[in-house]
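1. take this sequence and fold it.
(2 chains)
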Amino acid sequence: MRWSNLFVPTLREAPAEAEVASHQLLLRAGFIRQLHSGHYSLLPLGLRVHDKVADVVREEMDAIGAQELLLPAMHPAWVWEQSGRWTAMGDEMFRLTDRKGADVALGMTHEEVIAFHAREIHSYREVPQIWYQIQWKFRDEPRPKSGLLRVREFAMKDSYSLDIDDAGLDHAFDLHHKAYTRIFERMGLPAIAVEASSGAMGGSASVEFMVPSAAGEDDIVRCQNCGYAANVERAVAVVPPVADPPGGVLEQFPTPGIRTIAALAAAEAEAPPHRQIKTMVYALDGQITLVLLRGDHELSEQKLLDNTGASTVRPAGAEECVAALGASPGSLGAVGVSDLPVLADGALAGRSNLTTGANVDDFHYRGVDIERDIVVSEWLDLRQVRHGEPCTRCGKPLELLRCIETGHIFKLGRRYAEAFETTVMDADGAPRTLTMGSYGIGIGRAVAAVAETHHDERGLCWPVSVAPYEVAVVPLADRDGTVGEVAERLYDELRDLGVEVIIDDRDARPGVKFSDIELVGIPYRVTVGPRGLANDEVELTERATGETINVGIAEAAARVRAARDAALTAL
RNA sequence: CGGGCUGUGGCGCAGCUUGGUUAGCGCGUUGGUCUGGGGGACCAAAGGUCCCGGGUUCAAAUCCCGGCAGCCCGACCA
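-> Next up, the predicted model:
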């Protein structure tokens, strides 16, 4: 490719709407442009990287025996009704109506469609199967953000395993786990596999692949010592026991104007946050429920959902609190509450001499013994783990890391196959419902994650495996034509050697060329100038390190290929 | 859905408070001369529904009302 023919509109300054590094750099380097919120066009260089990421994914999927297919992006409503997700997906699904008035949807994922086609599997002899596609997904995200990191229309590699029993599913899950590890390694992403919540997908287990980055939207907990890692939505930690002072008589006392844990702690020497009970009121599938935590702990709403089996959760409004308990938030408590479910976090078990709201505005109780004074319907893990808390496996401090979720794998079980009556005959001639797994990687998000983790002050810095071009040949000032001649020859040689090369044939000053090539992030640069040519040499510069070496013209192309091959092998 | 910020040539911004020449500046773009190993200099030029609609006014980028769009925080989210 010749730079002069390439559409690569680079910008000197980042557009104001871009905040995170990957978004700014992908815009500045001319890889992407926004059409509207959550919808991006991939420009030629952006598409090349996108394609390379997709190719890495393809190779590793093929390597575990997965078969590529391509499913429609637009689905009839009935397949979603069949699984119950036509309503469950809510506003996140794009829906439209065809000319006959029939409801159709743009696919957010393809479990239903897979289960539908899998009905053509009739015998246990035909499984296991792993099917995958790289195809466009549409999700009406409430808040698209950060460039390619969260969008409403994106390419996803989604694969689905079909097995006759749990052992088969476990095996398919394990194959994907290993393939994903390879995929992220190959594109230079330091992904951490973590235990995750399955959310609306359902199923028995799921693992997310998380790339540490401040631009991410998820928090994980990791133990450097023993390797425990989990999304905070699931993570557990040791809570060191608290020795409550003995005694404590249940007693109401006035607390005028005190509405928060912090305010009560400041006013009462005997009520530091860890000796208070935080009482929150939630509507769980519509049922008003009290949720109790230690005063200094934070609730994880995802744990509340996962550990109660509820499908929706929302904080109750102030009016609902008054109606249910007779007091406003700030004075709420569970003492004496018997007509509402009370869920308590395990960290409160056995605690006594605590302080909590009295369900009378401007009054609290002191001397509360939780097991004596509160009717707890259920003890659950509800608290969010904090940085530095001890690991439950080895006791060493956990670290909290902000991450980008680049992949997620699920053991789904039989839910979808049951909905579609996807059964096969087993060896005994009895019908058996297939068990499924589903496994996703967002291609565009992976591109952004690589950009997020591979850049410097000069611009992007792609790993060779996903770089838009592997090397740029840069001819400098060319008075007598020899520079151009050598550069063109190198360009031809590199192409003959199978190296992806671009030649910067613009009539531009060296600084402009160097800056653009560094911004775009091409891993190697061969600079051809009169200085080197005087010694029959050109310069080979590595983008990542900035290191430059002089190499003879005759060996330059081979050196580039060798460097490229070595880098690919190392990944 | 709640909160905040912002919409002015391709990009970054000023002007708006206190309405009033021809709407400016930097970068980029085009042509020219010079220059030629890190975004060079000079000369000339093109490029604008000041987000949209309505209102106030002799007069609106500027004030008022209503929309729309984008971004950020939170909620939500496979």
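2. give me the pLDDT for the residue sitting furthest away from the middle of chain A.
-> Most distant residue from the mean C-alpha position of chain A: residue A:480, 54.0 Å away (Cα atoms, centre = their mean). In this prediction, residue A:480 carries a pLDDT score of 81.
3. any idea how far RNA strand B is from it?
-> Taking Cβ to the nearest atom of the strand, to the nearest Å as the measure, residue A:480 falls 12 Å from RNA strand B. Every residue, glycine included, has its C-beta placed from N, CA and C.
4. for residue A:407, list each beta-bridge partner.
-> residue A:209, residue A:441 (DSSP bridges).
5. residues from the stretch 351-500 of chain A in reach of RNA strand B?
-> A:405, A:408, A:440, A:458, A:476, A:477 (Cβ under 7 Å from any atom of the strand).
6. out of everything not next to it in sequence, what's closest to the fifth one?
-> So that's residue A:476. Distance criterion Cβ to Cβ, 6 or more residues apart in numbering; nearest residue to residue A:476, sequence neighbours excluded, is residue A:529 at 3.8 Å.
7. give me the element residue A:45 is part of.
-> Here residue A:45, judged by DSSP states H and E, is contained in helix A:44-63.
8. may I have that helix as PDB, with CA atoms only?
-> Taking Å, rounded to 0.1, in the frame of the first residue of the first chain, the C-alpha atoms of helix A:44-63 are listed here in PDB:
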ATOM      1  CA  PRO A  44      -9.300   1.300   6.300                       C
ATOM      2  CA  LEU A  45      -6.600   1.100   9.000                       C
ATOM      3  CA  GLY A  46      -9.300   0.300  11.600                       C
ATOM      4  CA  LEU A  47     -10.700  -2.400   9.500                       C
ATOM      5  CA  ARG A  48      -7.300  -4.000   9.000                       C
ATOM      6  CA  VAL A  49      -6.700  -4.200  12.700                       C
ATOM      7  CA  HIS A  50     -10.300  -5.500  13.300                       C
ATOM      8  CA  ASP A  51      -9.800  -8.200  10.600                       C
ATOM      9  CA  LYS A  52      -6.500  -9.200  12.200                       C
ATOM     10  CA  VAL A  53      -8.000  -9.600  15.600                       C
ATOM     11  CA  ALA A  54     -10.800 -11.600  14.000                       C
ATOM     12  CA  ASP A  55      -8.300 -13.800  12.200                       C
ATOM     13  CA  VAL A  56      -6.500 -14.600  15.500                       C
ATOM     14  CA  VAL A  57      -9.800 -15.500  17.000                       C
ATOM     15  CA  ARG A  58     -10.700 -17.700  14.000                       C
ATOM     16  CA  GLU A  59      -7.400 -19.500  14.100                       C
ATOM     17  CA  GLU A  60      -7.700 -20.400  17.700                       C
ATOM     18  CA  MET A  61     -11.400 -21.400  17.400                       C
ATOM     19  CA  ASP A  62     -10.600 -23.600  14.400                       C
ATOM     20  CA  ALA A  63      -7.800 -25.100  16.500                       C
END
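9. and the helix or strand that it is followed by, what other elements does it pack with?
-> Following helix A:44-63 in sequence order, the next helix or strand is strand A:67-68 (DSSP H and E). For strand A:67-68, the elements it packs on are helix A:44-63, strand A:129-138, judged by 3 or more Cβ pairs under 8 Å, 6 or more residues apart in numbering; DSSP states H and E.
10. what does strand A:67-68 rub up against?
-> With contacts defined as Cβ atoms under 8 Å, 6 or more residues apart in numbering, strand A:67-68 is touched by A:58, A:61, A:62, A:129, A:130, A:131, A:132, A:133, A:134.
11. so which residue of chain A comes closest to RNA strand B?
-> Closest to RNA strand B within chain A is residue A:529: 2.0 Å, counting by Cβ to the nearest atom of the strand.
12. that residue touches residue A:483, doesn't it?
-> Yes. Between residue A:529 and residue A:483 there is a contact at 6.3 Å, judged by Cβ atoms under 8 Å.
13. overlap in contacts of those two?
-> Counting by Cβ under 8 Å, 6+ apart, the residues touching both residue A:529 and residue A:483 are A:475, A:476, A:477.
14. so how far is residue A:550 from the residue of chain A closest to RNA strand B?
-> Using Cβ to Cβ, to the nearest Å, one gets 11 Å for the distance from residue A:529 to residue A:550.
15. which one of the helices and strands packed on strand A:67-68 lies closest to residue A:295?
-> Evaluated over the helices and strands packed on strand A:67-68, closeness to residue A:295 peaks at strand A:129-138, with 42.1 Å, by Cβ to Cβ.
16. any low-confidence regions in the stretch 51-200 of chain A?
-> For the stretch 51-200 of chain A, the stretches flagged by pLDDT under 70 are A:200.
17. please convert the buried members of the contacts of strand A:67-68 into ChimeraX selection syntax.
-> The buried residues among these can be selected in ChimeraX (16 or more other Cβ atoms under 10 Å) with this line:
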select /A:58,61,129,130,131,132,133,134
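18. turn the contacts of strand A:67-68 into TSV, including distance to RNA strand B.
-> Below are these laid out as TSV (distance: Cβ to the nearest atom of the strand, whole Å):
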residue	distance to RNA strand B
A:58	21
A:61	18
A:62	23
A:129	21
A:130	19
A:131	16
A:132	15
A:133	13
A:134	15
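19. dump the contacts of strand A:67-68 into a markdown table; add distance to residue A:444 as well.
-> Formatted as a markdown table, the contacts of strand A:67-68 follow (distance: Cβ to Cβ, whole Å):
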| residue | distance to residue A:444 |
| --- | --- |
| A:58 | 16 |
| A:61 | 17 |
| A:62 | 21 |
| A:129 | 27 |
| A:130 | 23 |
| A:131 | 22 |
| A:132 | 17 |
| A:133 | 15 |
| A:134 | 11 |
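20. nearest to residue A:487, of the contacts of strand A:67-68?
-> residue A:58 (34.0 Å).
21. bridging residues for residue A:103?
-> Beta-bridge partners of residue A:103, as defined by DSSP bridges: residue A:97.
22. okay, it and residue A:80: tell me how far apart.
-> 9 Å.
23. check residue A:348 too.
-> 41 Å.
24. for residue A:300, same thing?
-> For residue A:300 relative to residue A:80 (Cβ to Cβ), the value is 29 Å.
25. name the element the nearest residue to residue A:478 once chain neighbours are set aside belongs to?
-> The shortest distance from residue A:478 to any non-neighbouring residue, by Cβ to Cβ, 6+ apart, is to residue A:484 (4.6 Å). Here residue A:484, judged by DSSP H and E, is contained in helix A:482-496.
26. show me how far that helix is from its chain's centre.
-> 43 Å (Cα atoms, centre = their mean, to the nearest Å).
27. could you do stretch A:250-260 as well?
-> 43 Å.
28. flag every buried residue along it.
-> Under the neighbour-count criterion of 16+ other Cβ under 10 Å, stretch A:250-260 has A:255, A:258 buried.
29. then that stretch to CSV, C-alphas only?
-> Output of stretch A:250-260 as CSV, limited to C-alpha atoms (Å, rounded to 0.1, in the frame of the first residue of the first chain):
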residue,chain,number,x,y,z
LEU,A,250,-31.7,-2.6,73.6
GLU,A,251,-32.6,1.1,73.9
GLN,A,252,-34.0,3.8,71.7
PHE,A,253,-32.4,7.1,71.8
PRO,A,254,-32.9,10.4,69.9
THR,A,255,-30.7,11.3,66.9
PRO,A,256,-32.1,14.5,65.6
GLY,A,257,-31.0,15.3,62.0
ILE,A,258,-28.8,12.3,61.7
ARG,A,259,-29.3,10.5,58.4
THR,A,260,-26.0,8.8,57.6
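30. give me the contacts around it.
-> Contacts of stretch A:250-260 (Cβ under 8 Å, 6+ apart): A:263-264, A:267-268, A:329-331, A:335, A:358, A:360, A:362-369, A:373.
31. please redo it, this time with the cut-off set to 7 Å
-> Applying Cβ atoms under 7 Å, 6 or more residues apart in numbering, the external contacts of stretch A:250-260 come out as A:264, A:267, A:330, A:358, A:362, A:363, A:364, A:365, A:366, A:367, A:368, A:373.
32. all set now, cheers.
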